[in-house]
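J.: From the sequence below, what's the structure:
(4 chains)
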Protein chains: 2
Amino acid sequence: MTGEYTVRTMLHLASQPLGTMTQISEIVKAWEIPEHFLRKIVQLLTKSNLILSRRGMGGGIELAKPAEEITLLEVIEAAEGKMALNKCLVRRGMCHRDPWCAVHLVWHEAQEKLKEVLRSKSIAELAKQSLARREQIYSLPLQVGL
Amino acid sequence: MTGEYTVRTMLHLASQPLGTMTQISEIVKAWEIPEHFLRKIVQLLTKSNLILSRRGMGGGIELAKPAEEITLLEVIEAAEGKMALNKCLVRRGMCHRDPWCAVHLVWHEAQEKLKEVLRSKSIAELAKQSLARREQIYSLPLQVGL
DNA sequence: TCATTATGAGACAAAAAAAGTCTCTTTTTA
DNA sequence: TAAAAAGAGACTTTTTTTGTCTCATAATGA
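T.: Numbers count the residues shown, from 1 in each chain, chains lettered A, B, ... in the order given. Next up is the predicted model:
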């Protein structure tokens, strides 16, 4: 669920007017996320410099840069760590078959293709598309959450 | 490890002369796999019709069709079940955001790219490449295992 | 027919990873 | 200085993965 919650949070922030500070508790309400769990995820996003946070009254979180410049890959890796389809891709030399194992090469290739797709989508794009698709399907006024 | 063990087993079988019955205990020795665990995996491969088994003296397992006709994707899915990068890809309608969530589409696209790579490699090809690469690196006579 | 040599099946256990909870701290601002 | 926000970390629970054990079934050959 971590990746799921993380993306929801970023989409939420991307759909806020620029310069708005959003409270974590607001995101928790809008999407269905356990509060304390989300707080930990948000800390990871902050450490990865994808969002900025401010404590105290009137505080909250906001995107650290324009949503157009944040890719889905960045977001997911910030929360779940570097992607690795297979253990032997995690770090070189972990598996003693590495030097000759052809399967290793295939995993690597597959992983690159996967990352390429995730890297090609910005949070801005996804947020816009989701809103558009939802509006089209339900013909409802836009509203954040659910 | 399941996927790992499964692939090793299939590569082992692919490198045997045609018509050979290979015993599970032999594979266990050649590669580093817990015996009882591998027995269960082999059962999955049998049920997926990727290998044939025969009990009793002189029995063992063998590929059910030429290694050229078995893809890496088939092998992995036989042992680990259908791939799903994300929960919402498992079955339609599981997530109520499906109809409009743009992220869902991206996951789908990424998954297809991934599967495409795995589907493009046959077990025969991988076995051959691995042997060749190993020979080149170590300049050793070919030997199964490790 | 019976002992031997294989795989088949399924319950069970242990370990690891993921998800979720709780409590206390720190910072900011009014 | 009180209230409102995020920060940090220990802890627990749940789920998934990995591994083990025991008995059943099938085939073969003496």
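J.: now for the one helix or strand A:Ala124 maps to, which elements pack on it?
T.: For A:Ala124, the host element (DSSP states H and E) is helix A:123-138. Judged by 3 or more CB pairs under 8 Å, 6 or more residues apart in numbering or on different chains; DSSP states H and E, helix A:123-138 is in contact with helix A:2-14, helix A:72-80, helix B:102-119. Quick note: C-beta positions are derived from backbone N, CA and C, even for glycine.
J.: Next, the angle helix A:123-138 makes with the last one.
T.: Right, helix B:102-119. Interaxial angle, helix B:102-119 versus helix A:123-138 (axes from the mean of the first three to the mean of the last three CA atoms, to 10 degrees): 110 degrees.
J.: Share the number of residues neighbouring the closest residue to DNA strand C within chain A, please.
T.: Closest residue of chain A to DNA strand C, CB to the nearest atom of the strand: A:Gly56 (2.6 Å). A:Gly56 has 6 neighbouring residues, counting by other CB atoms under 10 Å in any protein chain shown.
J.: Let me know the secondary structure of it.
T.: Following DSSP: H, G, I helix; E, B strand; the rest coil, the label given to A:Gly56 is coil.
J.: if we can go back for a sec, any chance of the helices and strands packed on helix A:123-138 in a markdown table with mean pLDDT and mean neighbour count as columns?
T.: Below are these laid out as a markdown table (pLDDT from 0 to 100; neighbours: other CB atoms under 10 Å in any protein chain shown):
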| stretch | mean pLDDT | mean neighbour count |
| --- | --- | --- |
| helix A:2-14 | 96 | 21 |
| helix A:72-80 | 96 | 20 |
| helix B:102-119 | 93 | 18 |
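J.: With distance to A:Ser122 added, can I get those helices in TSV?
T.: Compiled in TSV, these are given as follows (distance: least, CB to CB, whole Å):
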stretch	distance to A:Ser122
helix A:2-14	9
helix A:72-80	8
helix B:102-119	11
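J.: can you list the ones you listed in CSV and add distance to DNA strand C?
T.: Below are those laid out as CSV (distance: least, CB to the nearest atom of the strand, whole Å):
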stretch, distance to DNA strand C
helix A:2-14, 4
helix A:72-80, 7
helix B:102-119, 14
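J.: and A:Ala79, what does it touch?
T.: Contact analysis of A:Ala79 by CB atoms under 8 Å, 6 or more residues apart in numbering or on different chains lists A:Thr2, A:Gly3, A:Tyr5, A:Thr6, A:Ile41, A:Leu44, A:Leu45.
J.: what's the answer for A:Ser48, then?
T.: Counting by CB under 8 Å, 6+ apart, A:Ser48 touches A:Glu74, A:Ala78.
J.: Would you list the phi and psi of it?
T.: The phi/psi pair for A:Ser48 (degrees, to the nearest 10) reads phi -90, psi 0.
J.: ok, back up a step: would you put the C-alpha positions of the helix holding A:Ala124 in PDB?
T.: Extracted C-alpha coordinates of helix A:123-138, given in PDB (Å, rounded to 0.1, in the frame of the first residue of the first chain):
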ATOM      1  CA  ILE A 123       2.600  13.800 -11.500                       C
ATOM      2  CA  ALA A 124       1.100  16.800 -13.200                       C
ATOM      3  CA  GLU A 125       0.100  14.800 -16.200                       C
ATOM      4  CA  LEU A 126      -1.400  12.000 -14.100                       C
ATOM      5  CA  ALA A 127      -3.400  14.400 -11.900                       C
ATOM      6  CA  LYS A 128      -4.800  16.200 -14.900                       C
ATOM      7  CA  GLN A 129      -5.700  13.000 -16.700                       C
ATOM      8  CA  SER A 130      -7.400  11.500 -13.600                       C
ATOM      9  CA  LEU A 131      -9.500  14.600 -13.000                       C
ATOM     10  CA  ALA A 132     -10.500  14.700 -16.700                       C
ATOM     11  CA  ARG A 133     -11.400  11.000 -16.900                       C
ATOM     12  CA  ARG A 134     -13.400  11.200 -13.700                       C
ATOM     13  CA  GLU A 135     -15.300  14.300 -14.800                       C
ATOM     14  CA  GLN A 136     -16.000  12.600 -18.100                       C
ATOM     15  CA  ILE A 137     -17.300   9.400 -16.500                       C
ATOM     16  CA  TYR A 138     -19.400  10.800 -13.700                       C
END
